[in-house]
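A.B. asks: Build me a model from this:
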Amino acid sequence: MKSFLAACAAVAGVAALPGMASAQDADCGTVSIASMNWASAEVMAAIDQFILENGYGCDAVLVPGDTMPTFTSMTEKAEPDVAPEMFVNQFREQIDAAVADNRIAYAAKVLEDGSQEGFWIPQYVADANPEIRTVSDALAHPELFPSPEDPSKGAIYNCPAGWGCQIMVGNLFKAYGAADKGFDLVDTGSSAGLDGSIAKAFSDETGWIGYYWSPTPIIGRYPMKMLEWDVPFDEAEWKSCTTQPDCAAPKINAWTPAEVYTLVTRELADSAPQAAAYLDRRAWGNDTVNRLLAWKDENQATGEDTALYFLDTEPEVWKAWLAPEVAEKVEAAL
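C.D. replies: Just a heads-up that it's a prediction; the model follows:
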């Protein structure tokens, strides 16, 4: 890690050498990028900054960002120019209205797989039991997922206390009749407790089933499989019962799909078409993001460190986003 960061420290000096700096694109100008306050978005913002500066000649700057404040600022003030990761399902109507009003525009579906939430099991359990594909398949085998308190029962690990997903997990636990099938719903108390239960299961090579999501460092560090749902997603049931704490008779449902897009201001799309075209192309799969976030977490690295590590070690991913001559400029800067 120290040698890698020492090498990265020379980037500014190398880029300043004659012939090494990318040619400025007069049409690009200053591009402000929201560095959102979660890891995957922070890393993508740093990647965008490096590529826009060195590949397209933009003056790319990072500004602090969060979901609703960034969206509001983009639609009302046309700044920042780019929100690298926006979870659009939670307020799709507002986003679509702003797009229809020509205030913002959708760019790439940056997380190609979306944000995945649901019930997961270790990959080694899935490999040893290929018949387990769905949630109900797993719930037929409490013996494979022993409870730490009572090994005669199975355990389903809940969403962290205080998170909204705790309601959904509780309702799905009830809908599946998991208690009657021999399972306890285990509260780990916090996200750290949930992560610790996964780490312990892998250390002991025991079964584990519970709520988790991707992309995250944990899924990058511990190979897990998300179980398939037994029914299609039912939006009406989701709104009326699955997400309601007082629902008396929840039905089996799938988790709401979570689409994650990059949003750009209309000004950027109009004034810097090459930069906007890049933002419309670049996207990555959760396997790549999980792997990268695991490296970030293990090395206590910043978003910028992680972006440089990605650009240095996975050129086959990012070069597919760029024209050859742009990729050459980025590689020269590295």
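
A.B. asks: by contact count, what packs against the longest helix anywhere in the chain?
C.D. replies: When the chain is scanned for its longest helix (criterion: DSSP state H), the result is helix 39-56. Judged by 3 or more Cβ pairs under 8 Å, 6 or more residues apart in numbering; DSSP states H and E, the packing partners of helix 39-56 are strand 30-36, strand 59-65, strand 82-87, helix 273-281, helix 286-298, helix 303-313, helix 324-333. The C-beta positions use only the backbone N, C-alpha and C, and glycine is treated the same way.

A.B. asks: pLDDT below threshold where in this structure?
C.D. replies: The model of the chain has pLDDT under 70 over residues 1-26.

A.B. asks: That one: strands as residue ranges?
C.D. replies: Listed from the start of the chain, the chain has strands (DSSP state E) covering 30-36, 59-65, 82-87, 104-106, 116-122, 154-157, 183-186, 210-214, 224-226, 260-265.

A.B. asks: what's the closest of the helices and strands packed on helix 39-56 to G193?
C.D. replies: helix 286-298 (16.8 Å; Cβ to Cβ).

A.B. asks: Now the closest one: buried residues?
C.D. replies: 286, 288-297 (16 or more other Cβ atoms under 10 Å).

A.B. asks: Could you provide the strands of the chain in JSON lines, with additional columns for distance to R133 and mean neighbour count?
C.D. replies: JSON lines is the format used below for the strands of the chain (distance: least, Cβ to Cβ, whole Å; neighbours: other Cβ atoms under 10 Å):
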{"stretch": "strand 30-36", "distance to R133": "34", "mean neighbour count": "22"}
{"stretch": "strand 59-65", "distance to R133": "38", "mean neighbour count": "17"}
{"stretch": "strand 82-87", "distance to R133": "27", "mean neighbour count": "25"}
{"stretch": "strand 104-106", "distance to R133": "33", "mean neighbour count": "20"}
{"stretch": "strand 116-122", "distance to R133": "10", "mean neighbour count": "22"}
{"stretch": "strand 154-157", "distance to R133": "17", "mean neighbour count": "24"}
{"stretch": "strand 183-186", "distance to R133": "18", "mean neighbour count": "19"}
{"stretch": "strand 210-214", "distance to R133": "17", "mean neighbour count": "22"}
{"stretch": "strand 224-226", "distance to R133": "9", "mean neighbour count": "20"}
{"stretch": "strand 260-265", "distance to R133": "25", "mean neighbour count": "24"}
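
A.B. asks: In CSV: those, plus distance to I51.
C.D. replies: Converted to CSV, those look like this (distance: least, Cβ to Cβ, whole Å):
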stretch, distance to I51
strand 30-36, 11
strand 59-65, 8
strand 82-87, 12
strand 104-106, 19
strand 116-122, 26
strand 154-157, 39
strand 183-186, 44
strand 210-214, 24
strand 224-226, 30
strand 260-265, 13
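
A.B. asks: Which one of the buried residues of helix 286-298 is nearest to A161?
C.D. replies: Where the buried residues of helix 286-298 are concerned, and distances follow Cβ to Cβ, A161 has its nearest neighbour in D297, at 22.2 Å.

A.B. asks: So that closest one sits against P217, correct?
C.D. replies: Yes. Assessed by Cβ atoms under 8 Å, D297 is found in contact with P217 at 3.8 Å.

A.B. asks: so what sits against both of these two?
C.D. replies: Counting by Cβ atoms under 8 Å, 6 or more residues apart in numbering, the shared contacts of D297 and P217 are A39.

A.B. asks: Relative to G285, how far out is the residue most central in space within the chain?
C.D. replies: Most central residue of the chain, judged by C-alpha distance to the mean C-alpha position with Cα atoms, centre = their mean, is P215 at 4.0 Å. Distance, P215 to G285, using Cβ to Cβ, to the nearest Å: 9 Å.

A.B. asks: if we can go back for a sec, in a markdown table, list the buried residues of helix 286-298 along with distance to A39.
C.D. replies: Formatted as a markdown table, the entries for the buried residues of helix 286-298 read as follows, by distance: Cβ to Cβ, whole Å:
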| residue | distance to A39 |
| --- | --- |
| N286 | 13 |
| T288 | 13 |
| V289 | 9 |
| N290 | 11 |
| R291 | 13 |
| L292 | 9 |
| L293 | 5 |
| A294 | 10 |
| W295 | 11 |
| K296 | 6 |
| D297 | 8 |
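
A.B. asks: which of those lies closest to V61?
C.D. replies: Within those, distances to V61 taken as Cβ to Cβ reach their minimum at K296, with 21.8 Å.

A.B. asks: give me the number of residues near N89?
C.D. replies: A count of neighbours around N89, defined by other Cβ atoms under 10 Å, yields 13.

A.B. asks: List the buried residues for stretch 299-311?
C.D. replies: So stretch 299-311, judged by 16+ other Cβ under 10 Å, has buried residues 301, 303-311.

A.B. asks: And it, how far out from the chain middle?
C.D. replies: Centre-to-centre, stretch 299-311 and its host chain are 16 Å apart (Cα atoms, centre = their mean, to the nearest Å).

A.B. asks: Also stretch 128-137?
C.D. replies: 25 Å.

A.B. asks: cool, and stretch 261-275?
C.D. replies: The gap between the average C-alpha position of stretch 261-275 and the chain average comes to 22 Å, counting by Cα atoms, centre = their mean.
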